[in-house]
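K.L.:
Predicted model and sequence follow; I will ask about them next.
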Amino acid sequence: MKIRKGDEVIVIAGKDKGATGKVLRVLPREERVVVEGVNLITKNVKADQARPGKQTGRVTVEAPLHVSNVALVEDGKPVRVGYRIKEDGTKVRISRRSGKEI
């Protein structure tokens, strides 16, 4: 998966198209990512003694998005990701738009 935790991404499809945010969590087996402030849903959370101090009632949380619906952002525009092998043998991600390291 070419998108990692902490990356700045833009939503390119779906109800939140055009929204940008930081990747909070990556779920590689499901091919999904959770983006901060995007794809918000409301959950009803019951109070529980095992979780004191946690928020209860109607809680708004981010739901996962499919990784194909997001793209990395460079200068406010979506970019595709490629890979390059450096001389020392390390593999780095690059922007296909500019060729810079990500």
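P.N.:
Happy to help now that I have it. All figures in this text were calculated on a predicted structure; none of them were measured in a lab.

K.L.:
Okay, buried residues for the longest strand anywhere in the chain please.
P.N.:
Using DSSP state E, we find that the single longest strand of the chain is strand 20-27. Neighbour-count burial for strand 20-27 flags 20-21, 23, 26 (criterion: 16 or more other C-beta atoms under 10 Å). To be clear about C-beta, it is placed using only N, CA and C from the backbone, and glycine gets the same treatment.

K.L.:
Also stretch 71-86?
P.N.:
Of all the residues in stretch 71-86, those buried under the rule 16+ other C-beta under 10 Å are 71-72, 74, 79, 81.

K.L.:
Just give the closest residue to the spatially most central residue of the chain, not the sequence neighbours.
P.N.:
By C-alpha atoms, centre = their mean, the chain has its centre lying nearest to Val23, at 3.1 Å. Nearest residue to Val23, sequence neighbours excluded (C-beta to C-beta, 6 or more residues apart in numbering): Asp7, at 4.8 Å.

K.L.:
one step back: so what does the longest strand of the chain touch, helix or strand wise?
P.N.:
When contacts are defined as 3 or more C-beta pairs under 8 Å, 6 or more residues apart in numbering; DSSP states H and E, strand 20-27 packs onto strand 8-11, strand 32-35.

K.L.:
one more time with 10 Å, if that's ok
P.N.:
strand 8-11, strand 32-35, strand 57-62, strand 70-74 (3 or more C-beta pairs under 10 Å, 6 or more residues apart in numbering; DSSP states H and E).

K.L.:
Is it possible to get JSON lines of those that adds distance to Ser95 and mean pLDDT?
P.N.:
Converted to JSON lines, the helices and strands packed on strand 20-27 look like this (distance: least, C-beta to C-beta, whole Å; pLDDT from 0 to 100):
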{"stretch": "strand 8-11", "distance to Ser95": "12", "mean pLDDT": "97"}
{"stretch": "strand 32-35", "distance to Ser95": "18", "mean pLDDT": "98"}
{"stretch": "strand 57-62", "distance to Ser95": "25", "mean pLDDT": "92"}
{"stretch": "strand 70-74", "distance to Ser95": "5", "mean pLDDT": "96"}
